[in-house]
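Q: A predicted structure for the sequence below; I have some questions about it.
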Amino acid sequence: MSSLRSPLFAAVAFVAVAVPVCADPVLATTSGSGEWTGGLPLITVILLAVLACLVQAVAVSLLATRPVLGLLAATGLYLAVAVLLGVPTWATPMQLLMALAAFALATSRPVPLAIAWSAGVTAATLGVLASWALASGAPPASVVAFLLTEGAKLVSVGFAGVVLGLLWASRERRTRIARARAREVERAQDQAVEASRAAERGRIAQELHDVAGQHLAGLVSLCDASLELAPAHPAEALELIEEVRAEGRYAAASLYGALGDLRAANADRAAPTPDLHRVEELVAFWAERGMPVTLRVEGDRDPLPAVVSTTAYRAVQEGLSNAAKHAPGGSVQVVVLVTEDRLRIEVVNGPARRKRPSESDLGLGWGLQGVREKLNLVDATLHGAADDAGGWRMWSDIPLPRTAGADLVDG
C-alpha cells in the first residue's frame, strides 16, 4: 500500500508509539513514585525502547509490500522491548504497529493466509511471553494474569488489523471493478461518438458529392449551351447566363452549408446543432442572397424538445433551399407556430419570376427524403402541394410530448 510506505506514515507511527512507551517511566521518575530495579540504567532502557519504536515504524513502512516480513519485524521488536529489556507494560503500545502490519497483510494476501499468519504470530508471541514470565520466577497466579491480559490485547489488535484489512481489500476490489466498468463505458461512449461522427462525415460527403458532382456539372452544361447559342441567339444566351447566376448562388449556398457542417464535424468542439432559435439567421442568410422572404413566429420556442426543434429547423432549411432552386425570384413566407400540443411549420413560395433551368434533375435530390425520415422519428410527416397562385406550399405538424405541452401552458 502506497500510503504505508510514505515517510510521513513512518514519522506519525513512531510518534504515536514512542510517546506512550516512554510516558510511564518518565512520569514515574519525575514524580518519584517508583524505583527502577532493572539491570541497565533507566535512561539507557528508555533510549533503547525509543530506538526500537523508530526501527519498528520504519520496518512496517518499508516492508508494506512484503507484509509477512513486516509483521515478523514488528513482532520481533515488540518482544525485544518486552522480554530483553524486561518492560512488557512499556511495550504494549508497540502492538499498534503489529496491528498495522496485520492490516497490510490482509489487504494483499488471500484471506486464509492472512488469518493463518496473524494467528500463528499471536500464538508464538504469547509463547515467548509465557516462557519469559515463568523464567522470571513470578508466582503462577501472576503469570496467568499477565498472559491473560497481554493475550487479550494481542488477540484484539491482531483481529482488528486483519478484519479491517479484509474490509479495505474488499472495498479496493469493488473500486477497481467500478473503475474498469467506467473505463469500458467511456470506451463504448467514445466508439459511439466516433461512429456518429463517421456517419455525419458520410452524410456531408454525400451532400458535397451531390452538389459538386451534379449541380455544378449542370452549371457547366448551361454555360456550354449559352456559348453555343451566343453567336446566333444572343438573347437566349443571356437568359441562360441569368439562370447560371441563379443556379450558382444556390450551389454556393449549398456548398457553404455543407462545408460549415464538415468544419463542425472535424472540430475538436463542434458547434451546437442549429434549431428553431436560429431560424431568423437562416431567413437572413437567404434574404442577403436576394430572396424576398418573410418570417412569422408565434408561440414560445424555448420549451420545445431539442430533437423537435432541430428537426423543424432542418425542414425549414430544406424548404427555403427548394424555393431558391425551383422558384427563383418568387416571394417566400416562413411560418413557425408553436401551440399547446403541436408545432407547425410552413414554407410557402410564389411562382418563379425567372425561368427555371431545363435540367430538372439538378439539385440535392435526397434532401426532402432525408427531412421526411427525420420527421418520422418525431411522429410527423412532410407534406407538399401546389397552391392556386402557381406556387408551392410545404408544411408539417409535429406533435409535442405531454411534458413539453405542459411547459408551454405554464409559460
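A: Nice, I can see it.
Q: which non-adjacent residue is nearest P93?
A: P20 (4.0 Å; Cβ to Cβ, 6 or more residues apart in numbering). (C-beta placed from N, C-alpha, C; glycine too.)
Q: where does the spatially most central residue of the chain fall, secondary structure wise?
A: The chain has E186 as the residue nearest its centroid, 6.7 Å off, counting by Cα atoms, centre = their mean. Element membership for E186 (DSSP states H and E) is helix 140-210.
Q: and that helix, what does it pack onto?
A: Secondary-structure packing of helix 140-210 (3 or more Cβ pairs under 8 Å, 6 or more residues apart in numbering; DSSP states H and E): helix 95-108, helix 111-135, helix 234-266.
Q: right, and the helix or strand after it?
A: For helix 140-210, the following helix or strand on the C-terminal side (DSSP H and E) is helix 216-229.
Q: low pLDDT regions in the stretch 151-300 of the chain?
A: 203-219, 245-272 (pLDDT under 70).
Q: from the chain's centroid, how far away is the helix or strand where E373 lies?
A: Here E373 is covered by helix 367-377, with elements defined by DSSP H and E. Mean-position distance between helix 367-377 and its chain equals 32 Å (Cα atoms, centre = their mean, to the nearest Å).
Q: which other helices and strands contact the helix or strand just after that helix?
A: Per DSSP H and E, the first helix or strand lying C-terminal to helix 367-377 is strand 383-386. On a contact count with 3+ Cβ pairs under 8 Å, 6+ apart, strand 383-386 meets strand 392-399.
Q: the strand it packs on versus helix 367-377: what angle between them?
A: Angle, strand 392-399 to helix 367-377, by axes from the mean of the first three to the mean of the last three Cα atoms, to 10 degrees: 20 degrees.
Q: any buried residues in strand 392-399, and which?
A: Neighbour counts over strand 392-399 (16 or more other Cβ atoms under 10 Å) mark W392, R393, M394, W395, S396, D397, I398 as buried.
Q: G39: what secondary structure?
A: Secondary structure assignment for G39 (DSSP: H, G, I helix; E, B strand; the rest coil): coil.
Q: in TSV, list the buried residues of strand 392-399 along with pLDDT.
A: As requested, the buried residues of strand 392-399 are exported to TSV (pLDDT from 0 to 100):
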residue	pLDDT
W392	89
R393	91
M394	91
W395	92
S396	93
D397	92
I398	91
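Q: below-threshold pLDDT in the stretch 301-411 of the chain: ranges please.
A: Filtered on pLDDT under 70, the stretch 301-411 of the chain yields the residue ranges 354-367, 401-411.
Q: going along the chain, name the helices of it.
A: 306-326, 367-377, 402-410 (DSSP state H, counting those that start in this stretch).
Q: ranking these by burial, who's on top?
A: helix 306-326 (a mean of 21; mean count of other Cβ atoms under 10 Å).
Q: now the closest residue to T89 other than its chain neighbours: which helix or strand?
A: Take T89 and drop its neighbours on the chain: the residue closest to it by Cβ to Cβ, 6+ apart is D24, 6.8 Å away. Secondary structure from DSSP H and E places D24 in helix 7-31.
Q: could you list the buried residues of that helix?
A: F9, A10, A13, F14, V17, A18, V21, C22, P25.
Q: the third one against A99, yeah?
A: This means A13. No: judged on Cβ atoms under 8 Å, A13 makes no contact with A99 at a distance of 11.0 Å.
Q: neighbours around the closest residue to R353 other than its chain neighbours, how many?
A: Of all residues not flanking R353 in the chain, G329 sits nearest, at 3.2 Å (Cβ to Cβ, 6+ apart). If you count neighbours by other Cβ atoms under 10 Å, G329 ends up with 17.
Q: dihedrals phi and psi, G329?
A: The phi/psi pair for G329 (degrees, to the nearest 10) reads phi 90, psi -10.
Q: distance check, it against E236.
A: Distance of G329 to E236, given as Cβ to Cβ, to the nearest Å: 18 Å.
Q: equivalent analysis for R183, please.
A: When distance is defined by Cβ to Cβ, R183 is 68 Å away from E236.
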